[in-house]
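Chemist: Build the 3D model from these lines:
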Amino acid sequence: MAAKEASFDVVSEMNMEEVKNALQIALKEIKNRFDFKGSIADIKLENDKLVIVAEDDYKIEQVKDVLYSKLVKRGVPIKNIHFSTSEKALGGAARQYGELISGIDKENAKKINVAIKNSSLKVKSQIQEDKIRVTGKNRDDLQEVIALLRKLDLPVELQFNNYR
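Modeler: Numbering: from 1, shown residues only. Predicted coordinates for the structure are as follows:
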């Protein structure tokens with residue numbers, strides 16, 4: 001890499017410690033809330049997947065609202081949580097699984113690369129496992145790439161790090 005070139009990485013990461021913290025705070029709030037008194041409402045983390053169990057789909061949505069507010073406060077991208085449809089659990093309750101997405105999959109990496117190439121900015125982008133390295137001689141071009149990528153409609157939230 002030439003000494004004059006600048007670069008940054010496009011990533012999509014989940015801080016699992018913050019997810020766990022938000023989960024504990026959300027559980028505490030649910031246990032103390034009047035509208036949840038005497039009802040089934042639980043959130044667990046199993047094998048890096050969220051599991052929400054509640055009396056019905058309506059309660060599941062209420063639990064998700066509480067959890068989302070705590071995740072947002074801790075800077076966790078809620079766009080990276082993909083929930084399945086709810087299913088029946090034991091005792092007539094409902095259960096829903098939320099997959100925590102970390103990293104950029106091949107399909108979205110290709111979309112990002114195509115968007116960068118179509119921008120006609122003088123930068124190079126390269127897929128490296130679950131992230132994308134963008135390099136260019138002009139820092140303004142790199143800033144424009146970041147602005148462009150922020151506007152893309154992707155199923156995961158992007159972060160930009162290792163800006164050099």
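Chemist: Packing partners of the helix or strand of the chain with the lowest mean pLDDT?
Modeler: Lowest by mean pLDDT, DSSP states H and E among the helices and strands of the chain is strand 87-88, with a mean of 90. Under the contact criterion of 3 or more C-beta pairs under 8 Å, 6 or more residues apart in numbering; DSSP states H and E, strand 87-88 touches strand 94-100. In short, each C-beta sits where N, CA and C put it, glycine included.
Chemist: Could you name the helices and strands sitting against the strand it packs on?
Modeler: Where contact means 3+ C-beta pairs under 8 Å, 6+ apart, strand 94-100 is packed against strand 49-54, helix 57-73, strand 81-83, strand 87-88.
Chemist: Is it possible to get TSV of the ones you listed that adds distance to D105 and mean neighbour count?
Modeler: Putting these into TSV (distance: least, C-beta to C-beta, whole Å; neighbours: other C-beta atoms under 10 Å) gives the following:
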stretch	distance to D105	mean neighbour count
strand 49-54	17	19
helix 57-73	21	17
strand 81-83	11	15
strand 87-88	25	9
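Chemist: R74 and A22, how far apart?
Modeler: Distance from R74 to A22, counting by C-beta to C-beta, to the nearest Å: 5 Å.
Chemist: List the beta-bridge partners for K124.
Modeler: T135 (DSSP bridges).
Chemist: show me what contacts it?
Modeler: By C-beta atoms under 8 Å, 6 or more residues apart in numbering, the contact list for K124 reads 134-136.
Chemist: who wins for neighbours among the residues you listed?
Modeler: For these, the largest number of neighbours (other C-beta atoms under 10 Å) sits with V134, at 24 neighbours.
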